[in-house]
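Trainee: this one's sequence-less:
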């Protein structure tokens with residue numbers, strides 16, 4: 001586990017958590033129960049003091065014993081309920097810092113072995129293809145690899161984040177720009193005009209073989225799929241690619257001469273330029289890795305206050321909902337956790353009231369839609385309708401404004417382009433976003449979600465669970481108040 005703890009939580013003052021409406025109802029119930037017990041106890045003692053000779057009859061008669069036992073139980077329950085209600089639920093000390101850490105490459109969950117193996121592959125092989133599904137964490141792993149290689153000096157990493165643009169000129173220009181950044185300031189003058197000579201200059205100045213890292217290759221492939229993908233949907237042969245593109249011909253020549261190392265990162269393999277190319281597959285996270293991070297790390301580093309008062313149950317619920325065949329996609333995990341951090345209370349109940357994963361995804365999508373519509377000056381309803389169509393597997397007609405908005409949502413990690421039957425189409429980037437699309441714009445009242453959630457749980461319950469899944473009394477009281485308030489107003 002390579003999770004670096006930051007110090008943002010060390011000097012934060014403890015703030016008093018506001019008591020929620022449900023907690024107030026529980027406290028009132030506890031106080032009322034205590035008062036009833038006190039009245040019953042005083043009444044019983046008064047009867048005893050009136051006639052001490054009736055002590056045996058008062059305390060040992062069956063009705064009074066049952067009554068006292070019942071009120072004793074009620075008093076104990078009221079004390080427990082009041083104590084629980086007065087305890088503040090789990091909370092994130094600094095939500096902005098918490099979310100920043102989730103998005104940071106410093107937080108690599110369960111990737112220690114992958115990082116070591118990828119570093120070894122890049123050193124041992126001149127051409128490496130890092131392949132993994134959308135959101136599996138390829139870019140985060142690459143950023144950690146770049147930092148490690150810089151520290152050790154075995155190779156000189158040159159990171160190219162995008163190749164979008166002209167088929168030949170764009171990758172050459174992007175690479176030259178990053179090669180200049182690798183050189184010290186004093187060596188950035190009088191640089192050679194051709195890319196190959198510039199690569200060799202970087203090798204001579206740094207004293208290490210350059211590792212050219214081309215990330216997000218899928219966007220380049222989709223943009224030029226007629227020239228990069230054959231009729232069967234497979235990458236074109238290296239002979240066809242190098243004959244059609246002088247830049248990739250130069251890269252292939254340098255690979256053959258052992259002058260460089262190259263890594264391509266994509267969802268599907270790019271054309272293998274040499275016969276010695278090595279494919280490194282990056283898989284989803286295991287449940288154990290995510291469970292350790294969610295259950296233990298927040299309590300250890302102090303980012304979540306009172307982790308035992310709701311956070312642990314919430315973490316287990318989120319993990320259960322995210323898991324697919326005992327594996328979790330990192331980006332879904334990060335997106336879900338970022339939305340969890342926005343909940344009013346960090347409890348499993350609040351999470352379910354918000355609609356679970358679908359509700360969290362819908363909130364995230366709605367927020368991005370509103371921001372994108374405002375930035376691109378497009379109609380929110382039209383953009384929402386187009387996204388719903390994509391979620392239903394359709395391809396809506398996009399004018400210039402909606403096309404720009406879709407491109408922004410692609411950069412935001414909500415939508416993705418895919419190639420099918422020789423055509424580029426839009427799709428939700430993953431199942432987390434797909435599950436939330438049909439919920440966007442929903443105006444269901446918070447307590448309506450309470451009823452919906454508990455009704456579904458009650459319908460699935462069997463045996464003793466049928467009784468325990470009934471709506472809690474405190475929630476029933478608050479729900480009744482929520483219904484009664486507008487009528488009184």
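Mentor: The structure has been received and is ready for your questions. This structure is a prediction, so every number in the text was calculated from the model and none was measured.
Trainee: same question for stretch 179-189, mean pLDDT?
Mentor: Computed over stretch 179-189, the mean pLDDT rounds to 90.
Trainee: residue 155 contacts residue 261, correct?
Mentor: Yes. In this structure residue 155 lies within contact range of residue 261 using CB atoms under 8 Å: 6.0 Å. Every C-beta, even on glycine, is put in place using the N, C-alpha and C of the backbone.
Trainee: who touches both of those two?
Mentor: The overlap between the contact sets of residue 155 and residue 261 (CB atoms under 8 Å, 6 or more residues apart in numbering) consists of 122-123, 209-211.
Trainee: buried subset of those residues, written for ChimeraX?
Mentor: Selecting only the buried members of these in ChimeraX, with burial defined as 16 or more other CB atoms under 10 Å, works like this:
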select :122,123,209,210,211
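Trainee: filter the shared contacts of residue 155 and residue 261 down to the ones in strands?
Mentor: Within the shared contacts of residue 155 and residue 261, membership in strands is found for 209-211, as judged by DSSP state E.
Trainee: so which residues of the stretch 201-350 of the chain form strands?
Mentor: Ranges of strands within the stretch 201-350 of the chain are 209-214, 261-266, 278-281, 285-286, 304-305, 327-328, based on DSSP state E, counting those that start in this stretch.
Trainee: okay if I get these as a markdown table plus distance to residue 130?
Mentor: Output for the strands of the stretch 201-350 of the chain, formatted as a markdown table (distance: least, CB to CB, whole Å):
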| stretch | distance to residue 130 |
| --- | --- |
| strand 209-214 | 9 |
| strand 261-266 | 4 |
| strand 278-281 | 5 |
| strand 285-286 | 16 |
| strand 304-305 | 33 |
| strand 327-328 | 18 |
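Trainee: these: lowest mean pLDDT?
Mentor: Lowest mean pLDDT within the strands of the stretch 201-350 of the chain: strand 304-305, at a mean of 77.
Trainee: list the helices and strands it packs on?
Mentor: Secondary structure elements in contact with strand 304-305, counted by 3 or more CB pairs under 8 Å, 6 or more residues apart in numbering; DSSP states H and E, are strand 91-92.
Trainee: let's see 10 Å
Mentor: Contacts of strand 304-305 with other secondary structure elements, assessed using 3 or more CB pairs under 10 Å, 6 or more residues apart in numbering; DSSP states H and E, are made with strand 91-92, helix 297-301, helix 312-322.
Trainee: for residue 252, find the nearest of the ones you listed.
Mentor: Across the helices and strands packed on strand 304-305, residue 252 has its closest neighbour in helix 312-322 (41.2 Å, CB to CB).
Trainee: contacting residues around that closest one?
Mentor: With CB atoms under 10 Å, 6 or more residues apart in numbering as the test, helix 312-322 has contacts from 89-90, 285, 287, 290-291, 293-299, 304, 307, 328-329, 332-333, 335-337, 339-340, 343, 345-352, 356-358, 360, 431-432, 435.
Trainee: so how far is it from its chain's centroid?
Mentor: 12 Å (CA atoms, centre = their mean, to the nearest Å).
Trainee: over to stretch 249-264?
Mentor: For stretch 249-264, the gap between its own C-alpha mean and the chain's C-alpha mean amounts to 36 Å (CA atoms, centre = their mean).
Trainee: endpoints of it, how far apart?
Mentor: Distance across stretch 249-264, first residue to last, is 15 Å (CA to CA, to the nearest Å).
Trainee: do stretch 326-334 as well
Mentor: Across its full length, stretch 326-334 reaches 17 Å between end residues, using CA to CA.
Trainee: for it, the distance to its chain's centre please.
Mentor: Chain-centre distance of stretch 326-334: 7 Å, with CA atoms, centre = their mean.
Trainee: with stretch 113-128 instead?
Mentor: Worked out by CA atoms, centre = their mean, stretch 113-128 lies 27 Å from the chain centre.
Trainee: in that stretch, what's buried?
Mentor: Neighbour counts over stretch 113-128 (16+ other CB under 10 Å) mark 114-115, 118-119, 121-123, 125-128 as buried.
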